[in-house]
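Engineer: sequence first, predicted model second:
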Protein chains: 2
Amino acid sequence: MADKTFDLQDFLPYLLNQAAEATSRSFEGVYKARYGMTRTQWRVLANLGRFGAMTARDICRISHIEKTKVSRAVAALETEVMLARAPSPEDGRAEILSLTPRGLAVFAELGERAQAFDADLRAKLGPELAARIDAILREIIVLQADAGPEGDD
Amino acid sequence: MADKTFDLQDFLPYLLNQAAEATSRSFEGVYKARYGMTRTQWRVLANLGRFGAMTARDICRISHIEKTKVSRAVAALETEVMLARAPSPEDGRAEILSLTPRGLAVFAELGERAQAFDADLRAKLGPELAARIDAILREIIVLQADAGPEGDD
DNA sequence: GATTAATAGTTGCATCTGCAACCAAGTCAA
DNA sequence: TTGACTTGGTTGCAGATGCAACTATTAATC
């Protein structure tokens, strides 16, 4: 059947990238301008802020960020004194990562802004579309997680 | 009202990135393994394949890829003999880019695979969700395009 | 207990990218 | 025509990233 020439503009990975990049870039300005943070750093911070102290490995599992990226983000956040490491009592290899008071403050502020950004975007989308989007994206994510090995950032 | 701590896992830009990255990475394997192409190169090729000869600037407009990226992708595709440049008769600065026979062949093959990939993904998503996704993503893209300046890749 | 395999995390290196600065050609206006 | 400005495209440089290789510790197997 369908033998029309391929149109990138209808290609789901492409559309997803466009949307993802557009929104991420837009919000990136917030943490970049204020704290010189990178996208990965923001995500690591956000996960620690939301879920509390944990190891780098846990962050990888939860957020599907590659361990190299996490490692470097942690190092950067540490030198910014937003995060502290403590040796794990159970596992000599692992380190327990937690936010410092400063890290918590930054998370509180950025988290608030992120919520506002998100709410605004959903409002603009309208209830119809906003209601569907989460389920669809989560479904895509798990589908690919089953199919391919690593989903990364 | 809502004063719960921010959860990254519900943040639209984050979800979009996860889904985008997961799907793109999955398909990336195809053109990377076969032709050592980069994501940007694939997209430039796909646009030229779909819309025919045009200038780099046109590609930027259509696909929202940054001009630096396009420039380098074009150079790479040229050395791979998938693309040829011709001086524009109308504008001495511009070059008309077009796919070579090889470029067309590669586009035909990858385009077919992309269509299959896309169809498969949509099938897995189910008609309910698949029907909505395009409209939502396009809406997000235009919303951000209005808001922010550049949406890039 | 010794050896082997697996795992937490870091680092080197080779890209890929973004931004600003740049060149060359076109536009506009006096 | 000349000079100021815009625009198509490239390049330098400073990050950010992915992958493979590496260290150190833990688990497994004999």
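Structural biologist: Sure, I can see it. Numbers count the residues shown, from 1 in each chain, chains lettered A, B, ... in the order given.
Engineer: can we go C-alpha only for contacts and neighbour counts from here?
Structural biologist: Will do.
Engineer: ok, now how distant is the most centrally placed residue in chain A from DNA strand C?
Structural biologist: Central residue of chain A (C-alpha atoms, centre = their mean): A:Arg43, 4.2 Å from the mean position. Summarising the geometry, the distance separating A:Arg43 from DNA strand C, computed by C-alpha to the nearest atom of the strand, to the nearest Å, is 15 Å.
Engineer: A:Leu137 too?
Structural biologist: 22 Å.
Engineer: which helix or strand contains that residue?
Structural biologist: When secondary structure is defined by DSSP states H and E, A:Leu137 falls within helix A:127-147.
Engineer: what about A:Ala33, neighbour count?
Structural biologist: 9 (other C-alpha atoms under 10 Å in any protein chain shown).
Engineer: my guess is A:Glu66 meets A:Cys60, correct?
Structural biologist: Yes - here A:Glu66 lies in contact with A:Cys60, judged by C-alpha atoms under 8 Å, at a distance of 6.2 Å.
Engineer: which parts of chain A are helices?
Structural biologist: Read by DSSP state H, chain A holds these helices, from start to end of the chain: A:12-35, A:39-51, A:56-63, A:67-79, A:101-125, A:127-147.
Engineer: can you tell me what sits against the fourth one?
Structural biologist: Contacts with helix A:67-79, where a contact means C-alpha atoms under 8 Å, 6 or more residues apart in numbering or on different chains, come from A:Thr40, A:Gln41, A:Val44, A:Leu45, A:Ala56, A:Arg57, A:Ile59, A:Cys60, A:Leu83, A:Ala84, A:Arg85.
Engineer: got it, and the fifth one?
Structural biologist: Identification of contacts with helix A:101-125 by C-alpha under 8 Å, 6+ apart yields A:27, A:30-31, A:45-46, A:49, A:81-83, A:130, B:5-7, B:11-12, B:136, B:139-140, B:143.
Engineer: just list what the helix or strand of chain A at the bottom of the mean pLDDT ranking packs against, helices and strands only.
Structural biologist: Within chain A, judged by mean pLDDT, DSSP states H and E, the helix or strand with the poorest mean is helix A:127-147; its value is a mean of 86. Packing contacts for helix A:127-147, counted by 3 or more C-alpha pairs under 8 Å, 6 or more residues apart in numbering or on different chains; DSSP states H and E, involve helix B:12-35, helix B:101-125, helix B:127-147.
Engineer: so for A:Arg43, what's the pLDDT?
Structural biologist: At A:Arg43 the predicted local confidence, pLDDT, stands at 97.
Engineer: any idea how many residues pack against the closest residue to it other than its chain neighbours?
Structural biologist: Taking C-alpha to C-alpha, 6 or more residues apart in numbering or on different chains, and ignoring the residues beside it in sequence, A:Arg43 has B:Leu8 as its nearest neighbour in space, at 7.4 Å. Neighbourhood size, B:Leu8 [other C-alpha under 10 Å]: 22.
Engineer: and B:Leu8, what does it touch?
Structural biologist: B:Leu8 is in contact with A:Arg43, A:Ala46, A:Asn47, A:Arg50, B:Tyr14, counting by C-alpha under 8 Å, 6+ apart.
Engineer: hmm, the last one is touching A:Ala22, no?
Structural biologist: No - because the distance of 11.4 Å does not satisfy C-alpha under 8 Å, B:Tyr14 is recorded as not touching A:Ala22.
Engineer: contact residues of chain A facing DNA strand D?
Structural biologist: Where chain A comes near DNA strand D, counting by C-alpha under 7 Å from any atom of the strand, the residues are A:37-40, A:66, A:68-69, A:90-93, A:152-153.
Engineer: change it to 6 Å
Structural biologist: A:Thr38, A:Arg39, A:Thr40, A:Glu66, A:Thr68, A:Lys69, A:Asp91, A:Gly92, A:Arg93 (C-alpha under 6 Å from any atom of the strand).
Engineer: would TSV of those with neighbour count and pLDDT be doable?
Structural biologist: Compiled in TSV, the residues of chain A next to DNA strand D are given as follows (neighbours: other C-alpha atoms under 10 Å in any protein chain shown; pLDDT from 0 to 100):
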residue	neighbour count	pLDDT
A:Thr38	16	96
A:Arg39	18	96
A:Thr40	17	97
A:Glu66	17	95
A:Thr68	11	97
A:Lys69	16	97
A:Asp91	9	93
A:Gly92	8	92
A:Arg93	8	94
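Engineer: which of the helices and strands packed on helix A:127-147 is buried the deepest?
Structural biologist: Mean neighbours per residue, mean count of other C-alpha atoms under 10 Å in any protein chain shown, is largest over the helices and strands packed on helix A:127-147 for helix B:12-35, with a mean of 20.
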